[in-house]
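1. Got a predicted model here, sequence first, then my questions.
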Amino acid sequence: MEKNNTENQNLETPKKKKIDVVVLYNKAKFLVKKYLDLKHDQESTAQTYEAIAAGTEFKGTNLWVLIFAIFVASLGLNMNSIPVIIGAMLISPLMGPIQGVGMGLAISDLTMVKRSFTNLAVATVFSMMTSCLYFLISPIDEARSELLARTTPTIYDVLIAFFGGMAGIIATGSKGKGNVIPGVAIATALMPPLCTSGYGLATGQMKFFIGAFYLYMINCVYIGFATWLGVRILKIPKANITTDPAKKKKILQAVSFIVLITALPSIYITYKILKDNILQTEVNTFVSKEFDFPSTQVIRKNLIKEKDGKDILEVTLVGENIPSDSISIISSKMHFYGLKNTTLKVTQGYNPNNTLNQQELTTTIVQDMLKHNQTIMDEQREQISKLESQLSSYKHLDSIGTIIAPEVKVLFPEINDIAVASTYFNEIDSLKLKPVTLALISASKSLGDSERIKLKEWLTARIRRNDIDIIFTTDYK
């Protein structure tokens, strides 16, 4: 009885150990703290404060360095030179007062906030005056791509400023600062928007001034906000300054309002850009699919956006005219491409009343001809390559008889002559061509079935052709 009980116990499957959630949580917490904890590399509070406070001052050397950096950045924007612009951003000391405002708010040091904000305002005014002066005397007043890139800030610029500011304050509060601060200066790009604002003032283009200055405001606000948040994460203690709690609450509300209101226009601009990109993609898809005619070429497509929401799509064609009925059918398909409120206007051919200028027409036609000729040349090269391969194959077969003749004489002494050639069989019913390799053989006597099979197998392997047919002449010697 005891033996049976023992056997039953042995046959029982071992019970699974219960997963201890608390143990797993503690292990995970330990690993997170081990790799993400900032304390082991954190600078002392006093040194972090002094590092940021020192960068807030804009007098003497700092101000002159800023002025020279603005000149360098303006030259870079004027020349459309990215390396020069990056160099100017590395020189610029603008990050200091922005971090000072953020840190002052985080530790409730209103004196630091006022000093940093005043210095930031001074730096901003001097920067704009310097860039404005440069563009007033510069002989080049054309807006290059690097200038235009600073006039339409989006939500992505907000995110860049925020995460760049976070990297900046974490690095400032660490012992090994490395090259993070210069990298943040390049990523957040404080100077190019200021220079673009100066360009807008110098040339009287307020659109440039407003767009670029708004980008500068985004960078300032969100770098400052990231600094405020980073100081909280680093747990830098509050300043020993007595502040009215009601006043502190108002300041916090004001900061929250500024952070929110600064981002709203960028969200709207991002929405408009994405909407326009989607619309342009729909236009390109519609034109490429519906105007695909062998003898007609689309040389221009232009979407004109109207204020009432009813857009106009202008399509200019050259080549064979498309019938008006076909154009009506194409127009009726526009809603399938998301162009429901868009009117199609097609211009065919070219005449002096068209808005398309002669240079654009000539350039487009030449480009189309070059593309067409390139396609023809590619096809001809491919065809020549195939023909050369076939010719090489024919030449090889013409000479193969001479090459294998000594081998044939040894293996099949009764064979006197052999000729190998490639040709085609014409199927009478279907008129299809069937490629075939013929081996014409003259022998002194008739070969038996086994010898014929052996000969065909040998020729197939030797010539490396699977379509061999052997024909024996009736003239035996």
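-> Looks like it arrived, so ask away.
2. so where do the strands sit in the stretch 201-350 of the chain?
-> Assigned by DSSP state E, counting those that start in this stretch, the stretch 201-350 of the chain shows strands spanning 296-304, 311-319, 342-348.
3. Now do the buried residues in the shortest one.
-> Meaning strand 342-348. Residues 342, 344, 346-348 are the ones in strand 342-348 that count as buried (16 or more other C-beta atoms under 10 Å). Where you see a C-beta, it was placed from the backbone N, CA and C, and this is true even at glycine.
4. Stretch 202-211 now?
-> Buried residues in stretch 202-211, defined by neighbour count with 16+ other C-beta under 10 Å: 202-203, 205, 208-209, 211.
5. Relative to the whole chain's centre, how far out is that stretch?
-> Relative to the chain's own centre, stretch 202-211 is displaced by 30 Å; criterion: C-alpha atoms, centre = their mean, to the nearest Å.
6. And for stretch 463-472?
-> Remark: stretch 463-472 is offset 56 Å from the chain centroid, using C-alpha atoms, centre = their mean.
7. What's the mean pLDDT across that stretch?
-> Stretch 463-472 carries an average pLDDT of 81.
8. ok, residues contacting that stretch?
-> 397, 400, 404, 420, 435-443, 446-447, 452, 455-456, 459-460 (C-beta atoms under 8 Å, 6 or more residues apart in numbering).
9. end to end, how far does it reach?
-> 18 Å (C-alpha to C-alpha, to the nearest Å).
10. what residues are up against I327?
-> I327 neighbours (C-beta under 8 Å, 6+ apart): 344, 346.
11. Low-confidence stretches in the stretch 301-450 of the chain?
-> 307-309, 349-373, 390, 393-399, 430-431 (pLDDT under 70).
12. How is the protein partitioned into domains?
-> Domain segmentation of the chain under automatic domain parsing yields 37-243, 388-472.
13. which of these has the lowest average pLDDT?
-> Taking the mean pLDDT of the domains of the chain, domain 388-472 comes last: a mean of 79.
14. on that earlier part again, could I get the buried residues of stretch 202-211 as CSV with distance to L279?
-> As requested, these are exported to CSV (distance: C-beta to C-beta, whole Å):
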residue, distance to L279
A202, 34
T203, 30
Q205, 26
F208, 25
F209, 28
G211, 22
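15. Pretty sure L120 sits against M95.
-> No. If you go by C-beta atoms under 8 Å, L120 and M95 don't touch, sitting 10.3 Å apart.
16. more neighbours, the two?
-> M95 (24 against 20; other C-beta atoms under 10 Å).
17. For Y35, see how far away that one is.
-> Distance, M95 to Y35, using C-beta to C-beta, to the nearest Å: 28 Å.
18. circling back: filter the buried residues of stretch 202-211 down to the ones in helices?
-> Secondary structure defined by DSSP state H assigns 202-203, 208-209, 211 of the buried residues of stretch 202-211 to helices.
19. residues contacting I85?
-> Taking C-beta under 8 Å, 6+ apart, one finds 73, 76-77, 146, 191-192 in contact with I85.
20. Assign a three-state SS to P139, would you?
-> State at P139, reduced to three classes by DSSP: H, G, I helix; E, B strand; the rest coil: coil.
21. State the number of residues packed around it.
-> Applying other C-beta under 10 Å, I find that P139 has 5 neighbouring residues.
22. And for N119?
-> 22.
23. ok now the helix or strand containing it, how far from the chain's centre?
-> Counting by DSSP states H and E, the element that carries N119 is helix 110-137. Centre-to-centre, helix 110-137 and its host chain are 36 Å apart (C-alpha atoms, centre = their mean).
24. do the same with stretch 165-174
-> 29 Å.
25. Just the residues contacting it, thanks.
-> 38, 41-43, 48, 51-52, 95, 98-99, 102-103, 177-178, 180-181, 183-184, 188, 222-227, 229-231, 233-234, 236.
26. Restrict that stretch to CA atoms and write it as PDB.
-> Presented in PDB, the C-alpha positions along stretch 165-174 are these (Å, rounded to 0.1, in the frame of the first residue of the first chain):
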ATOM      1  CA  GLY A 165      16.600  72.000 -23.800                       C
ATOM      2  CA  MET A 166      16.300  68.800 -21.700                       C
ATOM      3  CA  ALA A 167      19.600  67.500 -23.000                       C
ATOM      4  CA  GLY A 168      21.100  70.900 -22.300                       C
ATOM      5  CA  ILE A 169      20.100  71.200 -18.600                       C
ATOM      6  CA  ILE A 170      20.900  67.500 -17.900                       C
ATOM      7  CA  ALA A 171      24.300  68.000 -19.300                       C
ATOM      8  CA  THR A 172      24.800  71.300 -17.500                       C
ATOM      9  CA  GLY A 173      24.000  69.600 -14.200                       C
ATOM     10  CA  SER A 174      26.400  66.700 -14.800                       C
END
